[in-house]
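Colleague: Can you look at this prediction? I've put the sequence above it.
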Amino acid sequence: MIHLGKIAFANCDFPYYAIEHGRIEVPDISITQAHPVELARRLFKGELDISPISSIMYGKRDDLLILPDLSITSNDFTKSVLICSNGKLELSDLEGKTLCIPETTASSATLVRIILSLKDIDVKIKHCSGTDIDLMLKKGDAALLIGDSAIHAIGKYRIIADLGNEWKKITGKKMVYALWVVRKDFAIHHPDKVKGVLKALLESKEYAYKNINEIANYIANEKNIDCGFMREYLHTLNYDLDADSVESLRLYFKYAEDCGIIDDVKLRFFNKPD
Ligand SMILES: C=C(O[C@@H]1C=C(C(=O)O)C=C[C@H]1O)C(=O)O
């Protein structure tokens, strides 16, 4: 039995759809759903063998290998990594104000620090448990939202920044939010099992790309999200990890290092020489 993680957001239903709906053959796996930071915690404890985690969490460890050709990436607007504010505040008005960051994010929490530092906006960061937007907006002047809570906030709250768009405007790059990783010790002891899961994930991703409307309708129904929005959203995100994304990831890690969040990071891939 292989313990596989799954991010409990609509965007991760997409690459797992074929696995979870019996559309492809899969090895003996059990799937655990949680938010990306929790998945990383469980992977580090050895409760999971393979999982998508916040890309920055990979940068903090040297005992993980990246699975090739998989990620959650956006090129410009992300639509689900947003800052919303109280009243009439714009991004540039956040100087000296408080931004609440939920416990569910690590990559976007780092990205917002990078963007604010590059824009020279000094903001107090408050880390909050849970993802209750109203509570965050009571505790601070603005809140970072990711995943489904960001999607559900569109049209209800004042959105002042899409972080994928802010990052693109500054660097011209994509933003790689999540990577699929395997614990190195598990990969060393069970390379064939890892290959089996990787094959299933890649086949499932290909199925998803070919059946985007079917899956968008399914997710929209399940999660009470507008179908049209869901279709656009799934076209906005990219689940590959091409050379361009790897280069973007390196730049993100470099800025994160400049902010003192991580040390120099080496990208180590499963099944590829260092
Ligand atoms: C685009 C997204 O990327 C997510 C953002 C993450 C983070 O900020 O740590 C981690 C995984 C991704 O699922 C999203 O879910 O909204």
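Modeller: Sure thing, it's come through.

Colleague: how about the longest strand seen in the chain against the ligand, any contact?
Modeller: For the chain, the longest strand by residue count, based on DSSP state E, is strand 64-74. Yes. On the criterion C-beta under 6 Å from any ligand atom, strand 64-74 is in touch with the ligand at Ile72. Where you see a C-beta, it was placed from the backbone N, CA and C, and this is true even at glycine.

Colleague: and that strand, what other elements does it pack with?
Modeller: Under the contact criterion of 3 or more C-beta pairs under 8 Å, 6 or more residues apart in numbering; DSSP states H and E, strand 64-74 touches helix 10-20, strand 50-54, helix 55-58, strand 175-183, helix 184-189, helix 191-210, strand 237-238, helix 243-258.

Colleague: out of these, nearest to Cys100?
Modeller: Closest to Cys100 of those is strand 50-54 (C-beta to C-beta; 17.8 Å).

Colleague: How far away from the center of its chain is that closest one?
Modeller: The chain centroid and the centroid of strand 50-54 are separated by 9 Å under C-alpha atoms, centre = their mean, to the nearest Å.

Colleague: Can you pull the residues of the stretch 1-150 of the chain lying near the ligand?
Modeller: Residues of the stretch 1-150 of the chain lying close to the ligand by C-beta under 6 Å from any ligand atom are 7, 9, 11, 36, 54, 72, 78, 80-81, 105-108, 146-147, 150.

Colleague: Next step: these restricted to helices.
Modeller: Counting by DSSP state H, those place 11, 36, 107-108, 147, 150 in helices.

Colleague: who are the neighbours in contact with the closest residue to Glu247 other than its chain neighbours?
Modeller: Closest residue to Glu247 apart from its sequence neighbours, by C-beta to C-beta, 6 or more residues apart in numbering: Lys173 at 7.3 Å. Residues counted as contacts of Lys173 (C-beta atoms under 8 Å, 6 or more residues apart in numbering) are 167, 247-248, 251-252.

Colleague: which of the residues you listed are buried?
Modeller: 167, 248, 251-252 (16 or more other C-beta atoms under 10 Å).

Colleague: circling back: got the helices and strands packed on strand 64-74 as JSON lines, with mean pLDDT columns?
Modeller: Output for those, formatted as JSON lines (pLDDT from 0 to 100):
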{"stretch": "helix 10-20", "mean pLDDT": "98"}
{"stretch": "strand 50-54", "mean pLDDT": "98"}
{"stretch": "helix 55-58", "mean pLDDT": "98"}
{"stretch": "strand 175-183", "mean pLDDT": "98"}
{"stretch": "helix 184-189", "mean pLDDT": "97"}
{"stretch": "helix 191-210", "mean pLDDT": "97"}
{"stretch": "strand 237-238", "mean pLDDT": "98"}
{"stretch": "helix 243-258", "mean pLDDT": "98"}
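
Colleague: okay, the ones you listed in TSV with distance to Ile114 next?
Modeller: Shown next, in TSV, are the helices and strands packed on strand 64-74 (distance: least, C-beta to C-beta, whole Å):
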stretch	distance to Ile114
helix 10-20	21
strand 50-54	14
helix 55-58	10
strand 175-183	10
helix 184-189	27
helix 191-210	28
strand 237-238	20
helix 243-258	4
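
Colleague: Relative to Leu43, which of these is closest?
Modeller: Using C-beta to C-beta, those put strand 50-54 closest to Leu43, at 4.9 Å.

Colleague: Which residues does the closest one contact?
Modeller: Contacts of strand 50-54 (C-beta under 8 Å, 6+ apart): 2-7, 12, 32, 36-37, 39-40, 42-43, 67, 70, 72, 105-107, 177-183, 186, 194, 197.

Colleague: same thing with stretch 240-256?
Modeller: Contact with stretch 240-256 is made by 55-56, 59, 66, 68-71, 73, 110-111, 114, 118, 167, 171, 173-176, 179, 205, 238, 262, 265, 267, as judged by C-beta under 8 Å, 6+ apart.
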